[in-house]
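Enquirer: okay, here's the prediction I keep looking at, along with the sequence it came from:
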Amino acid sequence: MNCAGQYSAFADAAIFAAVRTPWVDLGGALSQVSPIDLGIKVGREVLARAGIDPLAVDSVLAGSMAQASFDAYLLPRHIGLYSGVAQAVPALGVQRICATGFELLRQAAEQLRDEVQLALCVASESMSRNPIAAYTHRDGFRLGGEVQFKDFLWEALYDPAPGLDMIATAENLARRYGLSRKAVDRYACDSHQRALQAQRDGAWAEEIVTVDNQVFELDGYQPRGISLARRACAVSADSHPRPTDLEALTRLRAVHPGGVQTAGNSCAVVDGAAAALVGRASACTRPALARLLASAVVGVAPEFMGIGPAPAIRLLLQRSGLNLGDIGRFEINEAQAAQVLAVAHELELDSSRLNVEGGSLALGHPLAATGLRLVMTLARQLRQHNLRYGIAAACVGGGQGMALLIENPVYRA
């Protein structure tokens, strides 16, 4: 497997602070909240936690996949404005599907090479508000003609180039790497149990901001706000982690007959948002959350899209001069259990350094926001265990992989 792709190194970039909302199951308490308002919530919170005046922000970068509100075009701009950023500061929408969170950080670090001193990065995803859409009826409906409304969330999981859905691409990897249903379920069981234990231990408490019903005011403009569904007053914890065991997972029916992927060993569908502040490491007045060292992004065959993290990580290591043994932790997004196992087999990763607190199989995968969660979780683990380097990576629908190399700023040899 070659190491072609795009590599970027950053000499003076750091994540000052990062937060996220709880990841909440499809149709849950966040299901009626616009991704813009979720983004405003975390945007305001990350600035407050960092003790930084919003007027110090020079750039706003924001990402969201589905058009989950009628004002979706305005998502980056409104997140910036209602977070208190100066009106003169521009906002940019960023999209690399499941690696959008990484791409936000990459572009922020690139902007630091010029006049930007501080960038606000926000990723927000409402899977619940994905629309039921029609693209062919602008001119009306013909008498007796086919009326074609489709579920955007369901259809978005299908890639028409190879004619496969995302689960089928994982099945291709399972066949290529000889992964049995038992091995895939065992990995999923470990992920669920690790995540549940991490939640009990309060591992994510410092990452998560409680979301409650509130109004966002902006002088001279219409107020926005959050109104939780299901009569919820507040949400403070991820909702998907739950007790499970191998026996329960093995009883689930495969999505494709004869396959290995089921609802239990595929990522959960959730809503959530995350935010990070990226600035110059040399200007940070207190220890940063992490230093951003480098990124790598590659293309792979769409029918094997889940293997993307492997060549991305190889390129990252090759160009940075590091090897696998130098990396204390890996956080690789768990789109499907077979997909992560295939990457681990390809790179010969040991389980003691991979997704040690579980992953998206247990927590869920709000597309644009996942990358930021992976990075903040990874950064915290490096500090907690005095490890120097960590890599976060994800596969990307359509056939890409992206990886980010970070460093613990308070590492002691």
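Expert: Received the coordinates, thanks. Residues are numbered from 1 along each chain as shown.
Enquirer: all helices of this protein, in order?
Expert: 35-50, 75-82, 100-111, 152-155, 166-176, 181-200, 246-250, 309-320, 337-347, 360-363, 370-384 (DSSP state H).
Enquirer: give the buried residues for the last one.
Expert: Going back to what we said before, that points to helix 370-384. By neighbour count, with 16 or more other C-beta atoms under 10 Å as the criterion, the buried positions of helix 370-384 are 370-383. In this view, the C-beta of every residue, glycine as well, is placed from N, C-alpha and C.
Enquirer: shaky segments in the stretch 1-150 of the chain?
Expert: Flagging of the stretch 1-150 of the chain using pLDDT under 70 yields the residue ranges 1-3.
Enquirer: quick one, strands of it?
Expert: For the stretch 1-150 of the chain, the strands defined by DSSP state E, counting those that start in this stretch occupy 6-20, 24-25, 59-63, 91-93, 118-125, 132-133, 150-151.
Enquirer: which residue is the nearest non-sequential neighbour of residue 336?
Expert: residue 170 (3.8 Å; C-beta to C-beta, 6 or more residues apart in numbering).
Enquirer: what's the answer for residue 317, then?
Expert: Leaving aside its chain neighbours, residue 317 sits nearest to residue 323 (6.1 Å; criterion: C-beta to C-beta, 6+ apart).
Enquirer: which residue lies farthest from the center of this structure?
Expert: Ranking residues of the chain by C-alpha distance from their mean position (C-alpha atoms, centre = their mean) puts residue 143 at the top, at 44.1 Å.
Enquirer: for residue 137, see how far away that one is.
Expert: Residue 143 is 13 Å from residue 137, where distance means C-beta to C-beta, to the nearest Å.
Enquirer: pick the most buried one from the helices of the chain.
Expert: With neighbours defined as mean count of other C-beta atoms under 10 Å, those peak in mean count at helix 360-363, which reaches a mean of 29.
Enquirer: who are the packing partners of it?
Expert: Helix 360-363 is packed against helix 181-200, with contacts defined by 3 or more C-beta pairs under 8 Å, 6 or more residues apart in numbering; DSSP states H and E.
Enquirer: quick check: closest non-adjacent residue to residue 349.
Expert: Counting by C-beta to C-beta, 6+ apart, the residue nearest residue 349 is residue 330, at 6.2 Å.
Enquirer: list the contacts of that neighbour.
Expert: By C-beta atoms under 8 Å, 6 or more residues apart in numbering, residue 330 lies in contact with 313, 349, 353-355, 390-393.
Enquirer: change it to 10 Å
Expert: Listed by C-beta atoms under 10 Å, 6 or more residues apart in numbering, the contact partners of residue 330 are 309, 313, 324, 343-344, 347, 349-350, 353-356, 374, 378, 390-393, 403.
Enquirer: now the buried residues of helix 370-384 as CSV including pLDDT and distance to residue 98?
Expert: Output for the buried residues of helix 370-384, formatted as CSV (pLDDT from 0 to 100; distance: C-beta to C-beta, whole Å):
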residue, pLDDT, distance to residue 98
370, 98, 6
371, 98, 7
372, 98, 12
373, 98, 12
374, 98, 10
375, 98, 13
376, 97, 16
377, 97, 16
378, 98, 16
379, 98, 19
380, 97, 21
381, 97, 21
382, 98, 22
383, 97, 26
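Enquirer: residue 232: which of these is nearest?
Expert: residue 373 (21.3 Å; C-beta to C-beta).
Enquirer: what about stretch 59-79, start to end distance?
Expert: Terminal residues of stretch 59-79 are spaced 12 Å apart (C-alpha to C-alpha, to the nearest Å).
Enquirer: got the buried residues for that stretch?
Expert: By neighbour count on 16+ other C-beta under 10 Å, the buried set for stretch 59-79 is 59-69, 72, 75-79.
Enquirer: repeat for stretch 18-35
Expert: By neighbour count on 16+ other C-beta under 10 Å, the buried set for stretch 18-35 is 18-26, 28-35.
Enquirer: contact partners for the closest residue to residue 306 other than its chain neighbours?
Expert: Distances taken as C-beta to C-beta, 6+ apart place residue 339 nearest to residue 306, at 3.2 Å, with adjacent residues excluded. Applying C-beta under 10 Å, 6+ apart to residue 339 gives the contacts 166-167, 169-174, 179, 184, 261, 266-267, 304-309, 332-333, 395.
Enquirer: hmm, try it at 8 Å
Expert: For residue 339, the contact set (C-beta under 8 Å, 6+ apart) comprises 169-170, 173, 306-307, 395.
Enquirer: could you export those residues as a markdown table, including distance to residue 239 and pLDDT?
Expert: Below are these laid out as a markdown table (distance: C-beta to C-beta, whole Å; pLDDT from 0 to 100):
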| residue | distance to residue 239 | pLDDT |
| --- | --- | --- |
| 169 | 27 | 98 |
| 170 | 24 | 98 |
| 173 | 29 | 98 |
| 306 | 25 | 98 |
| 307 | 30 | 98 |
| 395 | 24 | 98 |
